[in-house]
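Participant: With the input below, show me the fold.
(4 chains)
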4 protein chains.
Amino acid sequence: MRNMASSGASARGIAAIVGVGPKLGRSIARKFAHEGYTVAILARDLERLSTFADEIAREEKAQVFAIRIDCSDSKSVKEAFEGVLSLGFVEVLVYNAYQPAMSWNPISFTDIRIDSFEKSLAVSSVGAFHCAQQVLPGMVERGKGTILFTGCSASLNGIAGFSELCCGKFALRALSQCLAREFQPLGVHVAHVVIDGVVGPPRPGPSTSQRPALVGELHSSGGTGDYAISLMDPDALAQTYWYLHIQERAAWTQEIDLRPSNNPRTF
Amino acid sequence: MRNMASSGASARGIAAIVGVGPKLGRSIARKFAHEGYTVAILARDLERLSTFADEIAREEKAQVFAIRIDCSDSKSVKEAFEGVLSLGFVEVLVYNAYQPAMSWNPISFTDIRIDSFEKSLAVSSVGAFHCAQQVLPGMVERGKGTILFTGCSASLNGIAGFSELCCGKFALRALSQCLAREFQPLGVHVAHVVIDGVVGPPRPGPSTSQRPALVGELHSSGGTGDYAISLMDPDALAQTYWYLHIQERAAWTQEIDLRPSNNPRTF
Amino acid sequence: MRNMASSGASARGIAAIVGVGPKLGRSIARKFAHEGYTVAILARDLERLSTFADEIAREEKAQVFAIRIDCSDSKSVKEAFEGVLSLGFVEVLVYNAYQPAMSWNPISFTDIRIDSFEKSLAVSSVGAFHCAQQVLPGMVERGKGTILFTGCSASLNGIAGFSELCCGKFALRALSQCLAREFQPLGVHVAHVVIDGVVGPPRPGPSTSQRPALVGELHSSGGTGDYAISLMDPDALAQTYWYLHIQERAAWTQEIDLRPSNNPRTF
Amino acid sequence: MRNMASSGASARGIAAIVGVGPKLGRSIARKFAHEGYTVAILARDLERLSTFADEIAREEKAQVFAIRIDCSDSKSVKEAFEGVLSLGFVEVLVYNAYQPAMSWNPISFTDIRIDSFEKSLAVSSVGAFHCAQQVLPGMVERGKGTILFTGCSASLNGIAGFSELCCGKFALRALSQCLAREFQPLGVHVAHVVIDGVVGPPRPGPSTSQRPALVGELHSSGGTGDYAISLMDPDALAQTYWYLHIQERAAWTQEIDLRPSNNPRTF
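Facilitator: Numbers count the residues shown, from 1 in each chain, chains lettered A, B, ... in the order given. Presented below is the predicted three-dimensional model:
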């Protein structure tokens, strides 16, 4: 664990983002940092993670901690969360991990090795199970908290050649529904975000979170032509993760889909 | 049509809210008015509607127009929207209408009169079809706009004794999906909001839209005990309608569910 | 009404098949006739219908009645079922009607005429509602009966350019679920059949129902190459309608999908 | 492996039923034996399994083999299927296994041990994955075969207190859909059976499979009052497994639900 910045004690809790690469995870982490949260970012590659943490801490003047985790290894999950929990109350958990070695090309079912299938389930659902178990007792004790799971179109429909991905993502969706039903009455918001499209690179220039309020940028990104909207802007996705977190408990969302405007055929 | 307030030309387009009673429709109208939109509110009871319009116009210092509509009568829909369209570009359509006479108690299928069944379909889906047809050409021409349809748990599952409600609401969901697929590539955001619970009365005191930004009220409504969270606060619901409107087009939602935290068994 | 054949009183009830053209409806009618039911076939084109009735009556040595119906006209539905009910106890209702004039090409939403949209809903769902109301009292009285509704992929997902079809088919699925929940405890089996593909012409040669038992033709149709399996054989579909009817009430199906083996991408 | 009966070479292939207890698995095995298949039944308790095999072999005059399997142990799966495959072409695989130790009472999420969660996934989905891999090459080579997976209401919706069951069953449903899309064009029928209710004990007296054809018992079980239809008769369930197997490939089902007539509220 490396403390990447330390600009004073945070009045808010900790937001733990598990599965942080250069796209979605980083954008979510930056958004929560921007909104005043101390953020813990977790992934397997600590070096890359530390670069992200430095960058976010500097740009958002926030506390950002980089912590190594291997979600397929329950000992690693346990140790990583000892670190996270030592930072304070974990108010937000975003679970965004996937198996890095998994192919994004279809693979004939009979060619899938059983250990690869098991590992995919381990990362997609056992890892999520284990991370949720680490943070829920604290959330229940305080009667508040938010857990957000990242799904995709493979969470909803099987796809030929992608049984590893689909089985893990279906299981993750099940976990999300079970936890919502058990813990929402106790004050913990649990939601499943179905990202139906390919997440693109972050927008060049200042991030969304540094720009003025949402209202000001209404419908602006599509019109200028400087951003390929067939890829999904990770900063735009991160806005919805944040919105789910701030929903009032009188009207909580359990599942939401997100896709680019110009690719509606995928749903 | 009565012009309820006229505090100067609006820089924004028109938000037309169809199906405005004392709860959800009124809260949505107030939210869009608060955010600077000229609002047209439409329902059958013009007298009650005018009271709402006066109240919102005064509280939000906004232009609010009350226009009578009978969604089961296509002539009435056409005339009402001639009024709405004369106000300017209709940038937002919220369709929230239901058949007032429909029973909220289960009714034996063999006792349902066919004209009642037809009327329920007319309000739930033909009315929505017709309203959408009025505003879509303008939205397509400008390459922007938002259409939000209000669904409920009866949109997703049949219920014994509620075939009138369910058939109409299933059809409305179909309409929402068809329009999303056709018009999102043209810049029009179409979403379906599944409200899974009973909408309660507005919160006493200043409305959400008059209070500080969303962040400030994070998780506050549930803790104080002064609001029965088993009913759904219409102001909290209206926040999500607004959020759907301001989503960036790189990451649009087609369907979202909303329910109170303490009633997760309903989904 | 024309009595097409009269080879003696049937020990079984009546099977009423609504929406009978040269493909699916005719195959279903023949299957029920083959199994010993007196069959009433209903559609708009009485002349064509009478030809089918003659043919089935002759081939299956069964009583087959051709009765004109316009499912978009509630007076016509009522009169047609007075005829059907006069034949005896209606034990089976298959609702298979669609709007003949509806285009099978996508049509731009803003070009759909409202009366065409209304008519599509009238045939898909109001007609089904009305037919079900005619037969349910008798089924409830005897504590038995089967109602089968024909859906398609448009029953499950909206499709750009097909809002007429989708809205009607979603509503029909809702009706099916509502009726199942209300009437299955009273002994009436209600199921929704999702046909996900294009129904082809009947197989040449003797019909399935004249050939030996199902077991004997196991997996035979695909291998010989004499039948284009990308179209769906209506006789094969009719087998499943029959199977749903004979399911024991200890294990009833509410929804089933059917598609050709070589077109799994459509689901 | 014990050869339980050997009344001559079978003209048909082998039906392998994995997860055979006294209810559903036994009824399915008996049905396929009755229809002329050589049956391999697999479960952990070889002693009990052998009793079932003896009984079915005697009653149905069929070849029935009892083979021990531990679906959570991939070495055991591999060895068991070496035995099954040595019997001949495996034409049918029914996967019906569940974790015997899993509680059927809700268990607080934070009390679930991670090894228990992993084991549940191992049995529900890794075991199914592994069994399917053993039989698919032979099915693809011959261009025919049937794989049936047993699901339940927990396959479709998360349930508070049942994340072990739900995650495994969601993953199994994903597997079923992926395999259907990949292998149906190659001639292998893959279907998922959602059993929405509690399976009861077998019917007393002669089994369904010893009675006359299905047609003869039309709607008879419900009327006599001698069978508690709120439990699901495993013989009635087994009929649908058989029907899925004999569906013609021009009209295959991917998913079907089954529930007792008098418990429609559960879906």
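Participant: Helices along chain A, start to end?
Facilitator: Assigned by DSSP state H, the helices in chain A fall at A:24-34, A:46-60, A:74-86, A:114-121, A:127-142, A:163-183, A:234-246.
Participant: okay if I get these as CSV plus mean pLDDT?
Facilitator: Converted to CSV, the helices of chain A look like this (pLDDT from 0 to 100):
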stretch, mean pLDDT
helix A:24-34, 97
helix A:46-60, 97
helix A:74-86, 97
helix A:114-121, 94
helix A:127-142, 98
helix A:163-183, 97
helix A:234-246, 97
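Participant: and of those helices, who's closest to chain D?
Facilitator: Checking those against chain D by Cβ to the nearest Cβ gives helix A:163-183 as the closest, at 2.4 Å. C-beta coordinates here come from the backbone N, C-alpha and C atoms, glycine included.
Participant: Any part of the closest one near chain D?
Facilitator: Yes - using Cβ under 8 Å from any Cβ of the partner chain, we find that helix A:163-183 touches chain D at A:163, A:166-183.
Participant: Which among those count as buried?
Facilitator: Neighbour counting by 16 or more other Cβ atoms under 10 Å in any protein chain shown classes A:163, A:166-183 among the residues of helix A:163-183 next to chain D as buried.
Participant: Also near chain B: which of the residues of helix A:163-183 next to chain D, exactly?
Facilitator: Among the residues of helix A:163-183 next to chain D, proximity to chain B is found for A:180-182 (Cβ under 8 Å from any Cβ).
Participant: With respect to chain B, which of those is nearest?
Facilitator: Closest to chain B, out of all of those and judged by Cβ to the nearest Cβ, is residue A:181, at 4.5 Å.
Participant: surely the closest one meets residue D:163?
Facilitator: No - judged on Cβ atoms under 8 Å, residue A:181 makes no contact with residue D:163 at a distance of 9.7 Å.
Participant: so which residue of the stretch 1-150 of chain A comes closest to chain B?
Facilitator: Minimum separation of the stretch 1-150 of chain A from chain B (Cβ to the nearest Cβ) falls at residue A:144, amounting to 5.1 Å.
Participant: Could you check how many residues crowd around that residue?
Facilitator: Residue A:144 has 20 neighbouring residues, counting by other Cβ atoms under 10 Å in any protein chain shown.
Participant: Could you check how far it is from residue A:91?
Facilitator: 7 Å (Cβ to Cβ, to the nearest Å).
Participant: what do you get for residue A:199?
Facilitator: To residue A:91, residue A:199 is 25 Å away according to Cβ to Cβ.
Participant: Kindly report the same for residue A:17.
Facilitator: Distance from residue A:17 to residue A:91, counting by Cβ to Cβ: 12 Å.
Participant: which one in chain A is furthest away from the centre?
Facilitator: Largest separation from the mean C-alpha position in chain A: residue A:110, at 31.4 Å (Cα atoms, centre = their mean).
Participant: pLDDT score assigned to that one?
Facilitator: If you check residue A:110, the pLDDT there is 96.
Participant: That one touches residue D:137, doesn't it?
Facilitator: Yes - the criterion here is Cβ under 8 Å, and residue A:110 meets it with residue D:137 at 6.0 Å.
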